[in-house]
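**Student:** Following is a predicted model, sequence given first.
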Amino acid sequence: MKAIGIDLGGTKIEVQTFDQDWQVVDRHRVATPEDYPELVLALASLIDRADKKAQQVLPVGIGAPGLINPATGLALMANVCAMGKPLPRDIQTAIKRPVTYMNDCRALALSEVVFGAGQSSRIALAMILGTGIGGGVTVDGKLLQGATNAGGEFGHISVSPYLLQKYNLPLIDCGCGRSGCVETYVAGPGLTRLSEVVTGHSFSPPQIAQQRHSDQSLQKVWTIWCELAADLLRSLTLTVDPDIIILAGGLSQINGIAADLTQAANQAQIGDFGIAPIVLAQGGDSSGARGAAYAAFRAMQS
Ligand SMILES: [Zn+2]
C-alpha cells in the first residue's frame with residue numbers, strides 16, 4: 001500500500017486506499033456530519049479503519065473544499081461545517097500523526113498532471129467547472145503554492161466588464177462576499193442564471209447543452225457562456241501561460257465543450273497568439289482523493 005486519500009465533500013466523505021500502482025484497492029464512504037466535533041471524529045475513524053485494513057500506517061492526504069488560512073490555520077469553507085475551525089490541526093491531534101490537507105481542486109490538478117491528461121506538460125492548468133470554479137497550476141509536476149494558499153481560486157477573478165456591458169448582464173453577488181466574480185456567470189448555477197437573463201426562463205446546464213444547436217435563444221446563452229469562460233482563460237493565459245488546459249467537473253461533461261471553448265478562447269486572445277490545447281480530465285471521480293494521497297506520499301519522502 002502506498003497512501004490513503006480522502007475526498008471530503010459537503011454531502012459525503014470518501015476514503016480510498018491506493019496500492020503501489022496508485023490503483024484504488026479499498027474505499028469507504030460515509031455521510032458528512034453536520035456537527036464539527038463529529039466531523040473530526042468521522043475523519044479520524046475513517047483513517048483508523050483504513051490503517052487497520054492496510055495493516056500499516058500510511059501517509060494520509062485530505063482534499064477538501066474551501067481554504068485554510070496559512071496565517072491562522074483556520075478554515076474558510078461554506079459547504080462543510082468547519083468554518084473558522086482549525087480542521088487540519090484537529091484531525092492531526094485526533095489521529096496523532098501529520099496529514100497533508102489541501103484544497104480539492106488543487107488535489108485534482110495534481111492528480112491529472114501526475115496520472116492523467118497533463119502528464120507530458122511542463123506548465124499545466126486544471127480548471128474544475130462545477131457548482132463553483134476552482135483549479136490549480138502545476139510546474140514540472142509540482143503545484144504552484146504561494147503565500148496565501150488562494151492561488152487556483154479562479155472563480156473569484158472578476159468577470160470582464162466589457163462582456164457584462166456587451167450582453168447587458170447584471171452584476172451578481174458572490175458567496176465570497178464580493179460582486180461580479182466570474183463563477184457567478186460561468187459555474188453550473190451561473191449558466192442557468194445566464195439562461196434566465198437571456199430567455200426569461202431557467203434552464204439546467206444539461207438542457208442548455210442538449211438544445212443549444214436547435215434552440216436559437218439557448219444557442220445565444222451558450223455563446224455568451226463560452227465568451228465569458230474564454231475571457232477567464234485569456235486572463236489565466238496572460239498570467240501563467242500554460243502548455244495545456246485541463247477541464248474537469250460537471251460542466252466539462254457537456255458534449256463538444258472543449259472544441260467550443262477552444263474556438264471562443266482563440267478569438268478572445270490578444271492578436272493571433274491562440275490558446276493552449278484544451279482537454280478533458282481523465283481521472284474520473286477518484287482524481288481528488290488520488291491527488292491528495294499522492295501529495296501525502298510525496299510529503300513523507302521529502
Ligand atoms: Zn467570489
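**Tutor:** Yep, it's here.

**Student:** ok, which stretches of the chain are helices?
**Tutor:** Per DSSP state H, the chain carries helices over the ranges 36-54, 87-95, 104-115, 161-166, 183-186, 188-199, 205-211, 216-240, 257-268, 287-301.

**Student:** what sits up against the first one?
**Tutor:** Here helix 36-54 makes contact (C-beta atoms under 8 Å, 6 or more residues apart in numbering) with 1, 4, 6, 8, 13, 15, 17, 26, 28, 30, 32-33, 57-58, 60, 62, 80-82, 85, 87, 90-91, 94-95, 99. (Each C-beta comes from the backbone N, C-alpha and C, glycine too.)

**Student:** can you put the helices of the chain in JSON lines and add distance to D21, mean neighbour count and mean pLDDT?
**Tutor:** Output for the helices of the chain, formatted as JSON lines (distance: least, C-beta to C-beta, whole Å; neighbours: other C-beta atoms under 10 Å; pLDDT from 0 to 100):
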{"stretch": "helix 36-54", "distance to D21": "15", "mean neighbour count": "17", "mean pLDDT": "97"}
{"stretch": "helix 87-95", "distance to D21": "26", "mean neighbour count": "19", "mean pLDDT": "97"}
{"stretch": "helix 104-115", "distance to D21": "10", "mean neighbour count": "28", "mean pLDDT": "96"}
{"stretch": "helix 161-166", "distance to D21": "45", "mean neighbour count": "12", "mean pLDDT": "97"}
{"stretch": "helix 183-186", "distance to D21": "36", "mean neighbour count": "27", "mean pLDDT": "97"}
{"stretch": "helix 188-199", "distance to D21": "34", "mean neighbour count": "20", "mean pLDDT": "97"}
{"stretch": "helix 205-211", "distance to D21": "35", "mean neighbour count": "17", "mean pLDDT": "97"}
{"stretch": "helix 216-240", "distance to D21": "31", "mean neighbour count": "19", "mean pLDDT": "98"}
{"stretch": "helix 257-268", "distance to D21": "28", "mean neighbour count": "18", "mean pLDDT": "98"}
{"stretch": "helix 287-301", "distance to D21": "11", "mean neighbour count": "24", "mean pLDDT": "94"}
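
**Student:** Can you add distance to the ion and give the ones you listed back as a markdown table?
**Tutor:** Below are the helices of the chain laid out as a markdown table (distance: least, C-beta to the ion, whole Å):
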| stretch | distance to the ion |
| --- | --- |
| helix 36-54 | 24 |
| helix 87-95 | 21 |
| helix 104-115 | 14 |
| helix 161-166 | 15 |
| helix 183-186 | 6 |
| helix 188-199 | 11 |
| helix 205-211 | 20 |
| helix 216-240 | 13 |
| helix 257-268 | 21 |
| helix 287-301 | 21 |
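
**Student:** quick one, which of those is nearest to D140?
**Tutor:** Nearest of the helices of the chain to D140, taken as C-beta to C-beta: helix 104-115 at 9.4 Å.

**Student:** For the closest one, list the C-alpha coordinates in CSV.
**Tutor:** Backbone C-alpha positions of helix 104-115 (Å, rounded to 0.1, in the frame of the first residue of the first chain) are rendered in CSV as follows:
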residue,chain,number,x,y,z
ASP,A,104,-9.9,19.6,-3.5
CYS,A,105,-9.4,21.4,-6.8
ARG,A,106,-5.6,21.6,-6.3
ALA,A,107,-5.7,17.8,-5.5
LEU,A,108,-7.5,17.1,-8.7
ALA,A,109,-5.0,19.3,-10.7
LEU,A,110,-2.1,17.4,-9.2
SER,A,111,-3.7,14.1,-9.9
GLU,A,112,-4.3,15.0,-13.6
VAL,A,113,-0.7,16.1,-14.0
VAL,A,114,0.8,13.0,-12.4
PHE,A,115,-1.6,10.4,-13.6
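
**Student:** That helix - contacts with which helices or strands?
**Tutor:** strand 3-8, strand 60-64, strand 123-129, strand 133-139, strand 142-143, strand 244-248, helix 287-301 (3 or more C-beta pairs under 8 Å, 6 or more residues apart in numbering; DSSP states H and E).

**Student:** Mind putting the ones you listed into JSON lines with distance to A50?
**Tutor:** Below are those laid out as JSON lines (distance: least, C-beta to C-beta, whole Å):
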{"stretch": "strand 3-8", "distance to A50": "5"}
{"stretch": "strand 60-64", "distance to A50": "8"}
{"stretch": "strand 123-129", "distance to A50": "25"}
{"stretch": "strand 133-139", "distance to A50": "25"}
{"stretch": "strand 142-143", "distance to A50": "24"}
{"stretch": "strand 244-248", "distance to A50": "25"}
{"stretch": "helix 287-301", "distance to A50": "10"}
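
**Student:** neighbours around N79, how many?
**Tutor:** N79: 17 surrounding residues under other C-beta atoms under 10 Å.
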